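Undergrad: build the 3D model from these lines:
(one chain, ligands or ions: 1)
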Amino acid sequence: MEAEQAWQVVLGQLQMEMSKAAFDTWVKNAELVGWNDNCFTIGVRNAYARDWLENRLTSTVTRLLSGLMESPQRVEFIVWHKEAPLEASPNAPAFAPANGRNDAPQPRTVIPRYRFENFVVGASNRLAHAACLAVAENPARAYNPLFIYGGVGLGKTHLLHAIGNATLERGLHVLYVSAEDFTNDLINAIRTHTTTAFRERYRNIDVLLIDDIQFIANKESTQEEFFHTFNTLYGQEKQLVISSDRPPKAMMTLEERLRSRFEWGLTVDIQPPDLETRVAILRSKAERAGREVPVEILYTIARQIQSNIRELEGALTRVLAYADLSGRPLSPALVEIALADLIPQRSQIDPGQVVNAVAQVFGISRERLLSRERSREVALPRQVAMYLLREEANVSFPQIGEVLGGRDHTTVLYACEKVADMIERDDYLRRRVSQVREALYGRSMAG
Ligand SMILES: Nc1ncnc2c1ncn2[C@@H]1O[C@H](COP(=O)(O)OP(=O)(O)OP(=O)(O)O)[C@@H](O)[C@H]1O
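TA: Predicted structure coming up:
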């Protein structure tokens, strides 16, 4: 197995085993920067991440890598930053370990592998993709600022970097930064009396890509600084692209003057992908990994992971690793085993929880949901409740009929089939069903 491939398998494994918060904070951005003499060198963004990984994951990662490479391996974690990504070839970025042990978080630069060419377009992200392309082709002319929002792991970061790569290639000066890094950078600049240098870094650029802006929503001085950064760049006709997990209006603690500025240009959303798009994403990922995966397998995975593309990709990595390590051929049964502990135990969900969650997400009372009322406002949520009772709580059709105020089991059967079918075609319904799952399982499952 190639070193990079092994590292990807380990990442997939860690993603499954760690909490989402821990994975995103410490592991998500770790990359393989070198493999030499049976030693994996893993680059991370700052000293905190390096220490965290060193202390907690050295033995797990070493064990996994040794198993995959079939020989003893070592692992070292280093702080690194990318060197002049513009000059680097798009597929082979040049990495330079930071000199010594550098404690200052480095603003991130553009990741070469997130490109328009490997972004799969479907109904759920078509508008966002088109807007990003337009901005990349016509910075500061098409839409400024461009504000992209959507749930976790749906491709916002990918699109930001795709704009970054396209504009870098045209010789523009681009800066990608997460709102968290912007905040840390600011705090650091204040602490070390280098705010002038900070401002120069953020204001002498052509394109600013700022990810997860919701992070600054409750931070007053960061908002103040970002307000001035925004005004300077906008005033000089420089492009701003902002991503967030929610629309500007839904950021309660965001200052009004920033909120209104975010809405000056174009606001677009990304929805969870439909089945066909999920399969297309898996196919593209399998091709990039040089693997031939039967379409039936892609469908089996795509049906199980519905609303987070990062998890979808993690699931494919896991299935492939499972097949490789066990020496068994890819089959739907193998997918089921490989992903078994990813899917929460159905029996742990209580029917009452499902009814409550549906009522809450659709904004109607539990009593109306259980009543005989037939208006569409109530009928659709009731059918969704039937579908989810079957899917998530594993309740039989006759029992579902009873839970929902004494309905015939054929009515329930019909509702389940109808909702299963509609979810694949109707963005609104898919989003609602995702929200109910989110309420049932917490954030990580729903994405
Ligand atoms: N349409 C797509 N085609 C191909 N890959 C995709 C697509 N959308 C997302 N991905 C992949 O899914 C993963 C997660 O996407 P990304 O990190 O961009 O999500 P995000 O919306 O920024 O999530 P978060 O809110 O957690 O920051 C990435 O590896 C990305 O390349």
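
Undergrad: element containing Leu254, please.
TA: Leu254 belongs to no helix or strand when assigned by DSSP states H and E.

Undergrad: that one against Pro247, yeah?
TA: No. Using C-beta atoms under 8 Å, Leu254 is not in contact with Pro247, being 10.6 Å away. No exception for glycine: its C-beta is placed from N, CA and C like everyone else's.

Undergrad: the two: which is more packed in?
TA: Each of Leu254 and Pro247 has its neighbours counted (other C-beta atoms under 10 Å); Leu254 has more, 21 against 16.

Undergrad: residue contacts, that one?
TA: 216-217, 223, 248 (C-beta atoms under 8 Å, 6 or more residues apart in numbering).

Undergrad: let's see the pLDDT reported for it.
TA: pLDDT for Leu254: 88.

Undergrad: out of the contacts of Leu254, list just those in strands.
TA: Assignment to strands by DSSP state E places none of the contacts of Leu254 there.

Undergrad: most neighbours out of the residues you listed, which is it?
TA: Neighbour counts for these peak at Ile216, which has 25 neighbours (criterion: other C-beta under 10 Å).

Undergrad: related to what we said a few turns ago, among the contacts of Leu254, which lie within helices?
TA: Within the contacts of Leu254, residues falling in helices by DSSP state H are Gln223.

Undergrad: okay, the contacts of Leu254 in JSON lines with distance to the ligand next?
TA: Output for the contacts of Leu254, formatted as JSON lines (distance: C-beta to the nearest ligand atom, whole Å):
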{"residue": "Ile216", "distance to the ligand": "15"}
{"residue": "Ala217", "distance to the ligand": "15"}
{"residue": "Gln223", "distance to the ligand": "20"}
{"residue": "Pro248", "distance to the ligand": "16"}
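
Undergrad: which one in the contacts of Leu254 is the model shakiest on?
TA: Least confident of the contacts of Leu254 in the model: Ala217, at 88.

Undergrad: which residues does it contact?
TA: By C-beta under 8 Å, 6+ apart, Ala217 lies in contact with 223, 251-254.

Undergrad: what does Ile242 give?
TA: 145-148, 210, 213, 262.

Undergrad: what does the protein put close to the ligand?
TA: 114, 119-120, 125, 150, 152-158, 212, 245, 281, 309-310, 313 (C-beta under 6 Å from any ligand atom).

Undergrad: find the closest residue to the ligand in this protein.
TA: Residue of the chain nearest the ligand, by C-beta to the nearest ligand atom: Gly155 (2.7 Å).

Undergrad: give me the number of neighbouring residues for that residue.
TA: 25.

Undergrad: how about it, what does it touch?
TA: 119, 125, 128, 270, 309 are the contacts of Gly155 under C-beta under 8 Å, 6+ apart.

Undergrad: per-residue confidence at the second one?
TA: Think Asn125. 95.

Undergrad: same check, this time on the first one
TA: Looking at Phe119, its pLDDT reads 96.

Undergrad: could you tell me how many residues sit around it?
TA: Neighbour number of Phe119 under other C-beta under 10 Å is 19.

Undergrad: do the same with the second one
TA: For Asn125, the number of neighbouring residues by other C-beta under 10 Å comes to 27.

Undergrad: can you start the count at 786 instead of 1 from here on
TA: Noted, 786 is the first residue going forward, which turns the last one into Asn910.

Undergrad: contacting residues for the residue nearest to it when sequence neighbours are not counted?
TA: Nearest residue to Asn910 in three dimensions, chain neighbours excluded: Ile1055, at 4.8 Å (C-beta to C-beta, 6 or more residues apart in numbering). By C-beta under 8 Å, 6+ apart, Ile1055 lies in contact with 909-910, 913, 933-936, 939-941, 944.

Undergrad: same thing but at 7 Å, please
TA: Neighbour list for Ile1055: 909-910, 913, 933, 935, 939-941 [criterion: C-beta atoms under 7 Å, 6 or more residues apart in numbering].

Undergrad: among those, which lie within helices?
TA: Among the contacts of Ile1055, the ones falling in helices (DSSP H) are 913, 941.

Undergrad: dump the contacts of Ile1055 to CSV, plus distance to Gln800.
TA: Shown next, in CSV, are the contacts of Ile1055 (distance: C-beta to C-beta, whole Å):
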residue, distance to Gln800
Ser909, 22
Asn910, 22
Ala913, 24
Ile933, 23
Gly935, 20
Leu939, 16
Gly940, 17
Lys941, 18
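
Undergrad: was I right to think Ala908 contacts Pro1057?
TA: No. Ala908 sits out of contact with Pro1057 when judged by C-beta atoms under 7 Å, with a separation of 10.7 Å.

Undergrad: of the two, which one has the most company?
TA: For Ala908 versus Pro1057, the count of surrounding residues by other C-beta under 10 Å is larger for Pro1057: 24 against 13.

Undergrad: so the closest residue to the more buried one other than its chain neighbours, which of the three states?
TA: Nearest non-adjacent residue to Pro1057, counting by C-beta to C-beta, 6+ apart: Ser1092, 3.9 Å away. Following DSSP: H, G, I helix; E, B strand; the rest coil, we place Ser1092 in the coil state.

Undergrad: kindly report the same for the one 4 residues further on.
TA: The three-state assignment at Glu1096 reads helix, by three-state DSSP.

Undergrad: next, the buried residues of the host helix or strand of Val860.
TA: Element membership for Val860, per DSSP H and E: strand 859-867. Judged by neighbour count using 16 or more other C-beta atoms under 10 Å, the buried positions of strand 859-867 are 860, 862-867.

Undergrad: one more: stretch 1009-1025?
TA: 1010-1011, 1014-1015, 1018-1019, 1023-1025.

Undergrad: nearest to the spatial middle of this structure, which residue is it?
TA: In the chain, the centroid-proximal residue (C-alpha atoms, centre = their mean) is Gly938; its distance is 1.4 Å.
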